[in-house]
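Chemist: Pasted the sequence and its predicted model underneath.
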Amino acid sequence: MRNKVTKAIFPVAGLGTRFLPATKSVPKEIMTLVDRPLIQYAIDEARAAGIKEFIFVTSRGKGALEDYFDHAPTLEQELRKKGKDDLLEILKNTNMESGAIAYIRQHKALGLGHAVWCARRLIGNEPFAVILPDDVIAAEKPCLQQMVEAYEETGGNMVAAMEVPPERASAYGVLDVQEDMGAMVRVKGMVEKPKADEAPSNLAVIGRYILNPKVLGNLNRMKSGTGGEIQLTDAIADEIAQDRAVYGYRFRGQRFDCGSKAGFLQATVAFGLSRDELKDDLYRYLQEIVTVGKAAQ
């Protein structure tokens with residue numbers, strides 16, 4: 001019987017320099033998309049996929065991130081006193097029980113592969129997920145849950161994949177496809193940030209992974225790759241070289257790159273329009289902006 005995926009790594013050590021000055025004192029992962037921080041979307045997705053142990057790879061200055069998942073007795077007591085049970089329920093979903101969450105420090109910014117490697121002792125010999133909170137995915141069934149269900153059939157290693165325009169391939173890890181099976185592709189190679197005319201396909205790797213623990217051994221031997229960093233893509237490609245299966249999974253849903261300002265704003269609009277209590281006012285406002293913009297031209 002295949003081991004269940006119950007552990008997830010959340011690499012959150014980045015400085016979030018694209019969002020300065022906001023990130024001078026607030027971790028990027030705590031920035032709010034409508035009324036929930038980015039990290040909450042990632043946690044909710046992990047929970048829906050059956051994740052029980054949450055491993056955060058952090059760095060100096062991330063104290064607010066750790067506090068976010070702690071209980072807030074004074075606030076809870078005040079809400080209880082005022083009978084605000086709906087808000088208490090919302091708060092309850094942000095709390096993590098003792099022992100469910102662990103924090104590991106990444107002391108040097110040596111890349112995503114290094115961040116995952118930092119959590120190796122907590123992973124042990126079990127398959128595990130990696131979730132990048134910058135990638136927020138709106139989906140009827142959460143993306144990682146889709147992948148876990150597919151993984152239960154295939155095993156091996158699995159990465160979320162999305163088709164991108166050829167000119168954007170250089171911003172991603174790109175899959176070299178051996179066999180296309182529709183929702184799933186079998187992968188024969190992976191290239192990190194190839195030049196547009198050298199990309200083996202237009203299937204880009206998005207920030208969701210289910211990995212064999214042997215990937216951690218591959219990372220152990222890794223030297224710096226593209227950009228002088230230890231690339232997770234290289235360690236997964238090493239699995240292919242050792243005849244262990246790697247799959248790309250075309251998830252159903254819309255991905256927003258909340259690591260960029262434009263992507264964050266697009267996600268804010270999309271998630272705002274999906275909320276019953278906000279959509280009418282927001283839609284009306286967007287229509288007014290478009291109308292005024294056209295008139296100005």
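Modeler: Cool, got the structure.

Chemist: Who are the packing partners of the longest helix seen in the chain?
Modeler: For the chain, the longest helix by residue count, based on DSSP state H, is helix 276-296. Helix 276-296 sits against helix 261-273, with contacts defined as 3 or more CB pairs under 8 Å, 6 or more residues apart in numbering; DSSP states H and E. Where you see a C-beta, it was placed from the backbone N, CA and C, and this is true even at glycine.

Chemist: picking up where we left off before, the inter-axis angle of the longest helix of the chain versus helix 261-273?
Modeler: 130 degrees (axes from the mean of the first three to the mean of the last three CA atoms, to 10 degrees).

Chemist: Please, where are all the strands along the stretch 101-250 of the chain?
Modeler: Remark: strands assigned in the stretch 101-250 of the chain by DSSP state E, counting those that start in this stretch are 101-105, 128-131, 135-138, 157-163, 173-180, 184-192, 203-211, 246-250.

Chemist: most packed of those strands?
Modeler: Highest mean neighbour count among those (mean count of other CB atoms under 10 Å): strand 128-131, with a mean of 26.

Chemist: center of the chain - which residue?
Modeler: For the chain, the residue nearest the mean C-alpha position is Leu132 (2.4 Å; CA atoms, centre = their mean).

Chemist: excluding its backbone neighbours, what's nearest that one?
Modeler: Gly207 (2.8 Å; CB to CB, 6 or more residues apart in numbering).

Chemist: circling back to that earlier point, which residues sit in contact with the residue nearest to the centre of the chain?
Modeler: 10-11, 42, 112, 207-208 (CB atoms under 8 Å, 6 or more residues apart in numbering).

Chemist: One more pass at 10 Å, please.
Modeler: Contacts for Leu132 (CB atoms under 10 Å, 6 or more residues apart in numbering) come out as 9-12, 14, 42, 112, 115, 160, 206-209, 232, 258-259.

Chemist: can you check Gly50 too?
Modeler: 4-6, 8, 129, 144-145, 148-149.

Chemist: give me that answer again for 7 Å
Modeler: Contacts here follow CB atoms under 7 Å, 6 or more residues apart in numbering; on that basis Gly50 touches 4-6, 148.

Chemist: In stretch 16-28, which of the residues would be classed as buried?
Modeler: By neighbour count on 16 or more other CB atoms under 10 Å, the buried set for stretch 16-28 is 16, 19, 23, 26-28.

Chemist: Likewise for stretch 70-86?
Modeler: Leu79.

Chemist: And for stretch 255-268?
Modeler: Quick answer for stretch 255-268 (16+ other CB under 10 Å): 255-259, 263-264, 267-268.

Chemist: Among the contacts of Leu132, show me the least confident.
Modeler: Ranked by pLDDT, those bottom out at Gly14 (79).

Chemist: Quick check: the gap between that one and Gly83.
Modeler: 40 Å (CB to CB, to the nearest Å).

Chemist: Same check on Val57?
Modeler: From Val57 to Gly83 the distance is 40 Å (CB to CB).

Chemist: and if you look at Arg47?
Modeler: For Arg47, the distance to Gly83 - CB to CB - is 28 Å.

Chemist: which of the residues in stretch 86-95 are buried?
Modeler: Buried-residue list, stretch 86-95, by 16+ other CB under 10 Å: Thr94.

Chemist: how does this structure divide up, domain by domain?
Modeler: 7-259, 261-297 (automatic domain parsing).

Chemist: Mind telling me what element Lys4 is part of?
Modeler: Lys4 belongs to no helix or strand when assigned by DSSP states H and E.

Chemist: check contacts around it.
Modeler: Gly50.

Chemist: And it, how close does it get to Leu122?
Modeler: From Lys4 to Leu122 the distance is 16 Å (CB to CB).

Chemist: Over to Gly207?
Modeler: Counting by CB to CB, the gap from Gly207 to Leu122 is 20 Å.

Chemist: residue contacts, the nearest residue to Gly189 once chain neighbours are set aside?
Modeler: In this structure, Gly189 finds its nearest non-sequential neighbour in Asp176, 3.4 Å apart by CB to CB, 6+ apart. Contacts for Asp176 (CB under 7 Å, 6+ apart) come out as 187-191, 200-201.

Chemist: repeat that for 6 Å
Modeler: 188-189, 200 (CB atoms under 6 Å, 6 or more residues apart in numbering).

Chemist: Output these as a markdown table; include the columns distance to Ala169.
Modeler: Compiled in a markdown table, the contacts of Asp176 are given as follows (distance: CB to CB, whole Å):
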| residue | distance to Ala169 |
| --- | --- |
| Lys188 | 17 |
| Gly189 | 14 |
| Pro200 | 9 |
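
Chemist: And the residues you listed, which is closest to Tyr172?
Modeler: Pro200 (11.9 Å; CB to CB).
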